[in-house]
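quick one, structure for this:
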Amino acid sequence: MQPLRILVAPSGYKECLYAAEVAEAIRSGLARALPGAQIVTRPVVDGGEGFARGLALASGGRVEPVTVTGPVGEAVTAGLGWLGDRGEPTAVIEMASAAGLRLVPRDRRDPLATTSRGVGELIRAALDRGARRILLGCGDSGTCDAGLGMAAALGFRFLDRRGGELPAGGGALARLARIEVAGRDPRLAEVPIEVACNMSVPLTGPAGAARGFGPQKGATPAQVDQLEAGIARFIEVAGRDLGATGLAEMAGAGASGGLGAGLHALLGARLRPWQEVVLSGMSLDREIARADLVVTAEGGIDGGTPRGKIPAIIAGRARAQGVPVIALAGCVGPGVEAVHGAGIDALFSTLGAAVPLPEAVRRAPADIERAAEQALRGILVGMALSERRGRPAREPKRAAPGASADGRARRPLGPLRLTARSSPAPAGCPSHRPDHAPARRDPLPRR
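Prediction:
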């Protein structure tokens, strides 16, 4: 019999821990609860933090540091990734490493002023180093400038009615009168760009770049209105000067403060669901098929999680193969009951004692480790009870104090020697249908 096999596939905790750090904390906690388990970690990134490193290292590639302009105008060190396959040189760029919210100090969060210029500088660096294809991840942004800064770094000019160049930041978009493309880097026409993003984010409206995400980047209600007006102006001018039609209706155009729209309209980039870009390169479905239990996680899980968030994506793929899923969350928000319909069987908060945010961030690794250990111990108790209830009943004996019913001394409940199915793992990825799921006795009841 094989030991219990657990797949750990978490997202990161935004502005706290990268996905790889969360995965390691979960692995450590699970190993404490069940030392004999086979634990496989596959940190999952969407288009946000960890995108470049995750894809590059998963393919046997590398990440090199590049100094670029950060979102508040100061130099930052971003990572430029390279896939390790032997095909055409493919650069992997992570928007968050150059213009992410983590790089914006809390007292300087103003999306009217923050810039995506560093993203354009990373694209230029990739072209300088011979990239023939670019994968660019959109997510965890600290900007809302529709890619104005990104494109300015690549030779585009954004002018007001008097012919002056617009300053950095989304606050200037409302004054946009003309886009000049004569000075753009000519190499852009020869290198395809694919953008991994959340396709459920529109460019405008209540769930769009400004109204949906501006407040978390520091925008006041009045500033949200200003950003929305600026994006509307960008749509109008881009349609006239670039022939970029349909931006308002385009899926994913609102990703990273409208950077998705800017990449498409200005650079001709193709927007793709992040899971198509990321999960296919990680062989995640094959790992799910081999697992007896999947553990996922994210910093916040709520009623919006089923709409394209990593825990729901992982859970949906696991449910299709009949594998139970538990999720860990730093913060459990309103409407969280919806996640059970998305395939998450049980949810556990990793938050320990009520402490100020800086202290909670410092304690996060230990809290995640503790929560993972206790979640698995709870599952093991349930499995032990199920096994016990399946045995024939026996007449109880009177036991001496401190002894069990059969007269033996009681021992504290420790790690149980549980084993998983012994059938061999499939060689490839099975179809996403329950009838292709390997036979097993699920530790959690399936609905």
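
all helices for the chain, in order.
Under the criterion DSSP state H, the chain contains helices at 19-33, 51-58, 95-99, 117-128, 148-152, 221-242, 255-267, 274-278, 284-290, 310-320, 338-341, 357-389.

and the contacts of the second one?
Right, the one you point to is helix 51-58. Here helix 51-58 makes contact (Cβ atoms under 8 Å, 6 or more residues apart in numbering) with 19-20, 43-45, 61-63, 79-84, 92-97, 135, 137, 139, 196, 277-278, 281-282. In this view, the C-beta of every residue, glycine as well, is placed from N, C-alpha and C.

so which of the helices of the chain is nearest residue 350?
Nearest of the helices of the chain to residue 350, taken as Cβ to Cβ: helix 357-389 at 4.1 Å.

gap between residue 39 and residue 79?
Residue 39 sits at a distance of 27 Å from residue 79 (criterion: Cβ to Cβ, to the nearest Å).

and the nearest residue to residue 111 once chain neighbours are set aside, what does it touch?
Of all residues not flanking residue 111 in the chain, residue 144 sits nearest, at 3.9 Å (Cβ to Cβ, 6 or more residues apart in numbering). By Cβ under 8 Å, 6+ apart, the residues touching residue 144 are 111, 114, 170, 209-210, 213-214, 217, 219, 227, 231, 257-258.

quick one on the thing from earlier: of the contacts of helix 51-58, grab the buried ones for ChimeraX.
Selecting only the buried entries of the contacts of helix 51-58 in ChimeraX, with 16 or more other Cβ atoms under 10 Å as the criterion:
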select :19,20,43,44,45,61,63,79,80,81,82,83,92,93,94,95,96,97,135,137,139,196,277,278,281,282
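
without its sequence neighbours, what residue ends up closest to residue 293?
residue 6 (4.9 Å).

what's the spacing between that neighbour and residue 278?
21 Å.

let's see stretch 124-140 as PDB, backbone CA atoms only.
Taking Å, rounded to 0.1, in the frame of the first residue of the first chain, the C-alpha atoms of stretch 124-140 are listed here in PDB:
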ATOM      1  CA  ARG A 124      12.600  46.500 -23.800                       C
ATOM      2  CA  ALA A 125      15.100  44.600 -21.800                       C
ATOM      3  CA  ALA A 126      13.700  41.300 -23.200                       C
ATOM      4  CA  LEU A 127      13.900  42.600 -26.700                       C
ATOM      5  CA  ASP A 128      17.500  43.700 -26.100                       C
ATOM      6  CA  ARG A 129      18.400  40.200 -24.900                       C
ATOM      7  CA  GLY A 130      17.000  38.500 -28.000                       C
ATOM      8  CA  ALA A 131      13.500  37.500 -27.000                       C
ATOM      9  CA  ARG A 132      11.400  36.100 -29.900                       C
ATOM     10  CA  ARG A 133       8.300  35.700 -27.800                       C
ATOM     11  CA  ILE A 134       7.000  37.300 -24.600                       C
ATOM     12  CA  LEU A 135       4.600  35.900 -21.900                       C
ATOM     13  CA  LEU A 136       3.400  38.700 -19.700                       C
ATOM     14  CA  GLY A 137       1.500  38.200 -16.500                       C
ATOM     15  CA  CYS A 138      -1.100  40.800 -15.400                       C
ATOM     16  CA  GLY A 139      -2.100  40.800 -11.700                       C
ATOM     17  CA  ASP A 140      -1.500  42.400  -8.300                       C
END
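
and it, average pLDDT?
Averaged over stretch 124-140, pLDDT sits at 96.

list the buried residues in that stretch.
Quick answer for stretch 124-140 (16+ other Cβ under 10 Å): 124-127, 131, 133-140.

of all the residues you listed, which two lie farthest apart?
Taking Cβ to Cβ, no two of the buried residues of stretch 124-140 sit farther apart than 127 and 140, at 24.0 Å.

in the stretch 101-250 of the chain, which spans are strands?
Here the stretch 101-250 of the chain has its strands, by DSSP state E, counting those that start in this stretch, at 133-137, 157-159, 178-180, 193-197.

show me the one of these that comes nearest residue 288.
Taking Cβ to Cβ, strand 193-197 is the member of the strands of the stretch 101-250 of the chain nearest to residue 288, at 20.2 Å.
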